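Visitor: Whatever this is, show me its structure:
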Amino acid sequence: MSPGRALAVTRRLLAQFKRDRRTLAILFAVPLIVLGLLDLLIRGGGEAPHVGLVVLDRGALAQQVANALRTSPLVRVKTESADAARQDLDSGSVVGYVVLPENFTAEALTRRQVAPEVHLEGSQPSESTATLAAVQRAIGQVAATFAPRYTPAVTYLHGGPNLDTLDYFGAGYIGLAVFFLVFVVTAVSFLRERTQGTLERLMATPLRRAEIAVGYMLAFMVLATAQSIEILLYSLYVLHVHSAGNAGLVFLFEVLMALAAVNLGIFLSMFARTEFQAVQFIPLVVVPQLLLSGILVPVSGEPGWMQYLSNVLPLTYGVDGVRDVMVKGAGLESGKVVLDLTVVVAFCVLMILAAALTLRRRID
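Guide: Modelled structure (predicted):
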């Protein structure tokens, strides 16, 4: 082997990368952006979850625990009546509420135990954990010396201790898997159709532009729909991911996200000249949505300015809708599910128009 010839190949490749500014940006800028987003999500000081507090005991110990909860950095507490707390929990205004019952102080002094009631919404494990930690911390600060036995009565509106991590996060991963894989396959495949001249040869036939555009979209959608069915069936019947709602509604969300991903892939393929460049859109398009759509961290727990960004991403609404159906058992009677469907449909329409304009531009 000649070291000189090997180094010549190395220099040629490095020179090629030097001319490709997009690749250099992907290699050096995108990792910093992604790590920066992770730092903001984990350490960025997002809003603490809202928790209701119902104090039925007028004893001194109950009042001290209540004050400790109000000043807790883990949650934001709103003191209210039991009826108001239940309504807020049903509407999603709070992630849970804590009840200090009438015998709270007496139980602590006579039986040396504290037994607060903790009612959790339950669809977001991180928020439930923060609520339970805040209660335990407040009890430890005030009542530990009086009542060493801490026996909270915990109830869940959705989910519960019988669900594992995959049950909670499976809904988000189902939506992400469909969106990600369909986007990549569409962008690369459509780019190949252009670079191999297939699209131009089709234009020489009697086919109209609209017929070509619809034909491509339907072909990709057939594959995307088959993939959506496979992912859903595998999740429900092989992995046994918990689903309390209608599987048909979950499938509808999947198909809509696939339709959005297909047309997004067609649209963005306009800006790529090679398959390698098409794949480069993954960290720019998919990764930010993975981080900001609520799959890993609840949107409500993000820093304020990041929530505005999350609320314009289509995957946020797709994941939220699938989670509401699978974890909460919500249906079309839920205004929140209807809103999620409406936003995803609107994004589909926008991407279809963008893809059609892209196709027209590329073949004019």
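Visitor: Spell out the residue ranges of the helices in the stretch 1-150 of the chain.
Guide: Taking DSSP state H, counting those that start in this stretch as the criterion, the stretch 1-150 of the chain contains helices spanning 3-19, 21-28, 30-43, 60-70, 82-91, 104-106, 125-142.
Visitor: Of the ones you listed, which is nearest K336?
Guide: K336 sits nearest to helix 82-91 of all the helices of the stretch 1-150 of the chain, at 9.8 Å, using C-beta to C-beta. All C-beta spots, glycine's among them, are computed from the backbone N, C-alpha and C.
Visitor: packing partners for that closest one?
Guide: Contacts defined by 3 or more C-beta pairs under 8 Å, 6 or more residues apart in numbering; DSSP states H and E place helix 82-91 against strand 50-55, strand 96-100, strand 117-120.
Visitor: What's the local residue count around V285?
Guide: The number of residues packed near V285 is 19, by other C-beta atoms under 10 Å.
Visitor: Help me confirm that E333 is found in a helix?
Guide: No. Under DSSP: H, G, I helix; E, B strand; the rest coil, E333 sits outside any helix and is assigned coil.
Visitor: on that earlier part again, tell me the most buried of the helices and strands packed on helix 82-91?
Guide: Of the helices and strands packed on helix 82-91, the one with the most neighbours on average (mean count of other C-beta atoms under 10 Å) is strand 96-100, at a mean of 24.
Visitor: So V325 is in contact with F253, correct?
Guide: Yes. Assessed by C-beta atoms under 8 Å, V325 is found in contact with F253 at 7.4 Å.
Visitor: Looking at the two, which has the bigger crowd around it?
Guide: F253 (29 against 26).
Visitor: Could you check the pLDDT of that one?
Guide: pLDDT, F253: 94.
Visitor: thought T155 was touching V118?
Guide: Yes. At 7.5 Å, T155 and V118 qualify as touching, with contact defined as C-beta under 8 Å.
Visitor: The helices and strands packed on helix 82-91: which one's closest to Y308?
Guide: Using C-beta to C-beta, the nearest of these to Y308 is strand 50-55, at 18.8 Å.
Visitor: Quick one: neighbours of F251, just the number.
Guide: By other C-beta under 10 Å, the residues close to F251 number 18.
Visitor: same deal with E254?
Guide: With other C-beta under 10 Å as criterion, E254 counts 25.
Visitor: Skip the chain neighbours and tell me the closest residue to it.
Guide: Spatial nearest neighbour of E254, chain neighbours left out: S228 (3.9 Å); criterion: C-beta to C-beta, 6 or more residues apart in numbering.
Visitor: per-residue confidence for the one you found?
Guide: Confidence score, pLDDT, at S228: 91.
Visitor: neighbouring contacts of stretch 314-324?
Guide: 123, 171-172, 174-176, 179, 245, 250, 253-254, 256-257, 260, 289-290, 292-295, 299, 310, 330, 334, 336-337, 339-341, 343-344, 347 (C-beta atoms under 8 Å, 6 or more residues apart in numbering).
Visitor: That should have said stretch 143-157, apologies.
Guide: For stretch 143-157, contacts defined as C-beta under 8 Å, 6+ apart pick out 61, 64-65, 89-90, 107-109, 111-122, 128, 132, 135-136, 139-140.
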